[in-house]
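Trainee: predicted model and sequence follow; I will ask about them next.
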Amino acid sequence: MAYTTVNKSTDYFNTLLWQGNGNNARALTGVGFQPDFTWIKDRTDTESHCLTDAVRGATKSLRSNGDNAEATDTDALQSFNSDGFTLGDQGQVNKSNGDYYVGWNWKANGAGSANTDGSTNSTVSVNTTAGFSIVKYTGSGANATIGHGLGVAPAMIIVKNLTEAGYDWVVYHQSLGNGSYIRLNLTSDKSNGSVWQSTTPTSSVFSVVSNSSDVNKNGNSFIAYCFAEKQGYSKFGSYTGNDNSTFVYTGFKPKFLMLKNRSESNGWLMLDSSRTAQNPMGAYIYANTDGAEGTVTYIDFLSNGFRLVSTNSVAVNKDGNTFIYYAVAEEPFVANVGESIPATAR
């Protein structure tokens with residue numbers, strides 16, 4: 001059985017739901033910790049995603065569905081608080097007409113500190129227990145290594161140019177290998193290229209290639225969200241669609257799932273057990289579009305993984321296609337360290 005290294009997953013990742021009311025300086029609670037990275041999406045209407053972290057600072061937002069540079073939005077997420085965050089009245093986060101919203105929250109370690117592990121210095125906010133770090137660095141234009149602080153090799157890295165618009169979000173995923181990457185803001189399948197210098201991340205650094213405006217343009221600022229796999233808490237993997245029912249073992253009951261077809265063009269699906277309490281996990285959002293929440297009937301969250309029940313869906317289970325995923329636990333298959341308490345299915 002997959003005993004967890006994390007006693008309580010909601011100490012490090014949690015989902016918050018709310019309804020917009022248009023009030024400025026609206027404090028929301030219930031996250032369970034002070035978040036350091038918050039990803040917000042309007043579920044009801046067409047609105048861009050809003051991604052904010054403690055290293056760049058509250059009011060500094062990014063859009064996963066675009067190639068925009070970092071923006072200062074004083075009426076979006078205004079502060080990170082001990083049990084949540086404070087919102088302004090911007091439509092992306094708190095529309096007055098009563099739109100419904102979701103916020104996914106990760107715990108790192110505040111504003112971060114200097115890291116000199118790489119050839120390029122970085123500022124790193126890291127939670128080694130949960131395997132998550134936020135890394136800010138300045139591009140050198142030359143082949144470089146960047147310290148990430150995790151103490152183990154990251155399984156997924158998401159990088160964005162903060163300074164200039166027109167450059168995509170670039171994703172490393174261990175299932176793609178060090179000679180490929182995929183773009184978060186697009187539907188395109190994986191690309192082959194040496195963005196990572198064809199070098200696998202180590203326990204201390206990841207590599208970025210020279211003269212890549214997406215990850216290392218000279219003088220530009222970059223943010224990287226780095227994720228390591230932790231037994232019983234997080235899982236990064238791949239599976240092959242079979243045009244039938246496909247089961248994917250994670251070793252825990254998922255709370256959050258993000259997946260992408262890496263063989264064909266299709267979006268990044270985001271699902272969670274807060275928006276859908278019972279199987280099938282019907283409520284989905286695409287990370288790469290500004291579209292409202294949709295509903296499907298083809299994914300079940302189980303006690304030890306997830307099951308794709310759709311036939312020949314390019315989004316989740318097309319025959320012969322390869323899919324990559326990132327999953328976070330609601331509870332492990334064995335719920336507590338050293339105790340044989342099995343998780344239950346939905």
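Mentor: That came through, no problem. In this text, all values refer to a predicted model and were calculated from it rather than measured experimentally.
Trainee: ranges for the helices of the stretch 51-200 of the chain?
Mentor: If DSSP state H, counting those that start in this stretch is used as the criterion, the helices of the stretch 51-200 of the chain fall at 91-94.
Trainee: where exactly do the strands run in it?
Mentor: Secondary structure of the stretch 51-200 of the chain, counting by DSSP state E, counting those that start in this stretch: strands at 60-61, 71-72, 77-81, 84-87, 100-106, 113-115, 122-127, 132-138, 144-147, 156-161, 170-173, 180-183, 191-192.
Trainee: the first one pairs with which strands, and in what direction?
Mentor: Looking back up the chat, that one is strand 60-61. With DSSP bridges as the test, strand 60-61 is paired with strand 71-72 (antiparallel).
Trainee: list of residues touching the partner strand?
Mentor: Strand 71-72 has contacts (CB atoms under 8 Å, 6 or more residues apart in numbering) with Thr59, Lys60, Ser61, Leu62. Backbone N, C-alpha and C define where each C-beta goes, glycine included.
Trainee: isn't the first one up against Phe80?
Mentor: No - with contact defined as CB atoms under 8 Å, Thr59 does not reach Phe80; the gap is 10.7 Å.
Trainee: looking at those two, which one has more neighbours?
Mentor: Each of Thr59 and Phe80 has its neighbours counted (other CB atoms under 10 Å); Phe80 has more, 22 against 16.
Trainee: pretty sure the more buried one contacts Ala54?
Mentor: Yes - with contact defined as CB under 8 Å, Phe80 counts as touching Ala54 (5.7 Å).
Trainee: common neighbours of these two, please.
Mentor: Contacts common to Phe80 and Ala54, judged by CB under 8 Å, 6+ apart, are Pro35, Asp36.
Trainee: out of the contacts of strand 71-72, which is most surrounded?
Mentor: Counting by other CB under 10 Å, top hit in these: Ser61 with 24 neighbours.
Trainee: low-confidence stretches in the protein?
Mentor: 1-4, 311-312, 332-346 (pLDDT under 70).
Trainee: circling back: dump the strands of the stretch 51-200 of the chain to JSON lines, plus distance to Gln19.
Mentor: Converted to JSON lines, these look like this (distance: least, CB to CB, whole Å):
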{"stretch": "strand 60-61", "distance to Gln19": "21"}
{"stretch": "strand 71-72", "distance to Gln19": "25"}
{"stretch": "strand 77-81", "distance to Gln19": "17"}
{"stretch": "strand 84-87", "distance to Gln19": "12"}
{"stretch": "strand 100-106", "distance to Gln19": "6"}
{"stretch": "strand 113-115", "distance to Gln19": "37"}
{"stretch": "strand 122-127", "distance to Gln19": "30"}
{"stretch": "strand 132-138", "distance to Gln19": "28"}
{"stretch": "strand 144-147", "distance to Gln19": "40"}
{"stretch": "strand 156-161", "distance to Gln19": "29"}
{"stretch": "strand 170-173", "distance to Gln19": "31"}
{"stretch": "strand 180-183", "distance to Gln19": "32"}
{"stretch": "strand 191-192", "distance to Gln19": "39"}
